[in-house]
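*Asks:* curious how this folds, go ahead:
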Amino acid sequence: MEQKVETREIKFEAWNTAQQIMFSAEGMSIDQLTLLPTGSFINVSSVSTRLSIIYPNDKMIPLQFTDFRDKDNVEVYDFDLYEREGVTWKVYFDTIAFQWRICANGDKQYDKTSCVSWLRNSKFRRIGNEWEQKIRT
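*Replies:* A predicted model of the protein is given here:
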């Protein structure tokens, strides 16, 4: 009997802290931005590797795709903010439990044990991410 292996799409967005803008996965591909194993990004020069620029992860923050989508089919990334029944939730990756989690109003005290079933429900709407929300307020 053949065993089915579940796979998910691995891709990243990046928040540029200096310019205060989000780089989409598609935009990074066009600009030749690549995530290094260190968590930093490199802008690979097509002329010479010596001209490539490395952006440390405090300048370009990597945000991983969760493989989930909201009710409008918008992709869910790390540190995205969502609204459901008047409550704002933040998605984040718990490196100790090694799973995606959500917390109400950004307070990990109201942490849910796992957000997989909640995110699969798809009855939530993306309202931004942690950094864009800070800019608006």
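*Asks:* contacting residues for residue 130?
*Replies:* 79-81, 90, 106 (CB atoms under 8 Å, 6 or more residues apart in numbering). Every C-beta, even on glycine, is put in place using the N, C-alpha and C of the backbone.
*Asks:* selection in PyMOL covering whichever of those are buried, please.
*Replies:* To isolate the buried members of the contacts of residue 130 in PyMOL, using 16 or more other CB atoms under 10 Å:
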select buried, resi 79+80+81+90
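*Asks:* what's the most distant pair in the contacts of residue 130?
*Replies:* 80 and 106 (11.7 Å; CB to CB).
*Asks:* which residues are common contacts for the two?
*Replies:* 90, 130.
*Asks:* re the thing from before, using CSV, lay out the contacts of residue 130 together with distance to residue 42.
*Replies:* Below are the contacts of residue 130 laid out as CSV (distance: CB to CB, whole Å):
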residue, distance to residue 42
79, 22
80, 25
81, 29
90, 28
106, 31
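*Asks:* just the contacts of residue 130: which are in strands?
*Replies:* 80-81, 90 (DSSP state E).
*Asks:* pLDDT of stretch 45-59, averaged?
*Replies:* Mean per-residue pLDDT for stretch 45-59: 87.
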